[in-house]
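Asks: got a predicted model here, sequence first, then my questions.
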Amino acid sequence: MKILLVQPPHWSPDGHANFDAIEELVTARSGDVLLLPELAGAGLPRAEYLARVRDLAKGTGMAVVGGSHYDGPVNRGAVFDAAGELLMEYDKVHPYDVELRSGVVPGRPSAGFELHGRRLHVLLCADLWYSASLAGRDGLDAVLVPAFSITRWEGPAPARELWQHMTVARAYEFMTYVAVSDWHHETTYHGHPCAGVAGFANPCPRTRAGFFTGTGDDPVSAHDLDFDRLDAFRRDRADRGFR
C-alpha cells in the first residue's frame, strides 16, 4: 500500500482555496491513500467539506483522509474511498491551545476504518500525544495523523524533533506505521507559526536511518507500507516476549 502525504505551502481560512491548491499538488500522482493536513477544510459547512473530500477521492482514484474542518464547535474530518463512498468520520478529542480559547470542544474517539483488508486509524494532530488514544487497539496497520503543528518555539526545529521522537515511539510501541501530514513551516494560523512536521515513522526499517523519514520541503511525498514486513516484525516481537 502506498500513502501520499500532502504538505501544502500555505493555509487559507477559505477551505475551498485549500482544496483547490491540494488538487493541483496531487494531479498525476498515484497511490492508495492520500492524507491531507488538519483544517484543510477550514470552516467549510459540513456538506461542502464532505463534497470536496468525496470529489478529491473520486478524482484521484485514492482513498482520501480529508484533514479536517470545523463542524460547529468540533474539529472533525472524514475518509472517503476511491469510489466516493464515506468510510468514516473522526473527531479531535484533545483540542489544543488556540482552539480551547476559541471555544472548540472535544469530540468523540473514532473506530478507524479498513482498506484492502488492513486496519487504519486516524488521530487528529494533538491526539497522537495521548497514548490512551491507541491503547486497546491491537493490530492497527497504520495510524494516519492530519496535523497543523502550531508552535511557540522561534523556529521549527524543536517541534520537529519532538514529533519525530513521538511518531517513532508510537510506531514501535504499537507495532504500526505512523504517517503525518502537515502544512509547510512558513504557514501561520491566527498568527501562530507552523513547524512543518510531516513525515513517516517505520517500526521495522531495514537500517536505523529508516525509523523516521521527514518530507523536507516536498509538497507531496510517497511512502510504502510493507505489511508483510510489518507482520513479520510483530511475530518476532511476540517470539521475544514483547506483547
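Replies: Yep, it's here.
Asks: output stretch 4-14 as PDB, restricted to C-alpha atoms.
Replies: What follows is stretch 4-14, C-alpha atoms only, in PDB (Å, rounded to 0.1, in the frame of the first residue of the first chain):
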ATOM      1  CA  LEU A   4       0.900  10.100  -0.100                       C
ATOM      2  CA  LEU A   5       1.500  12.800   2.400                       C
ATOM      3  CA  VAL A   6       0.400  16.300   1.400                       C
ATOM      4  CA  GLN A   7       2.200  19.400   2.800                       C
ATOM      5  CA  PRO A   8       0.700  22.500   1.100                       C
ATOM      6  CA  PRO A   9       2.800  25.700   1.200                       C
ATOM      7  CA  HIS A  10       0.100  27.900   2.600                       C
ATOM      8  CA  TRP A  11      -3.100  27.600   4.600                       C
ATOM      9  CA  SER A  12      -6.200  29.700   3.900                       C
ATOM     10  CA  PRO A  13      -9.200  30.400   6.000                       C
ATOM     11  CA  ASP A  14     -11.100  29.600   2.800                       C
END
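Asks: how about that stretch, which residues are buried there?
Replies: Leu4, Leu5, Val6, Gln7, Pro8, Trp11, Ser12 (16 or more other CB atoms under 10 Å). For every residue, glycine as well, the C-beta is placed using N, CA and C.
Asks: mind checking which of the residues you listed are in strands?
Replies: Among the buried residues of stretch 4-14, DSSP state E puts Leu4, Leu5, Val6 in strands.
Asks: which one of the buried residues of stretch 4-14 is nearest to Asp182?
Replies: Among the buried residues of stretch 4-14, Gln7 lies closest to Asp182 (CB to CB), at 5.9 Å.
Asks: not counting sequence-adjacent ones, nearest residue to that closest one?
Replies: Distances taken as CB to CB, 6 or more residues apart in numbering place Ala198 nearest to Gln7, at 4.5 Å, with adjacent residues excluded.
Asks: wait, the one you found touches Thr213, no?
Replies: No - the criterion here is CB atoms under 8 Å, and Ala198 misses it with Thr213 at 9.9 Å.
Asks: count of residues packed around the residue nearest to Gln7?
Replies: Residues lying near Ala198 (other CB atoms under 10 Å) number 30.
Asks: spatially central, which residue of the protein would that be?
Replies: Val145 (2.3 Å; CA atoms, centre = their mean).
Asks: which stretches of this protein have low pLDDT?
Replies: 243 (pLDDT under 70).
Asks: tell me which stretches of it form helices.
Replies: 15-26, 46-60, 98-101, 157-174, 227-239 (DSSP state H).
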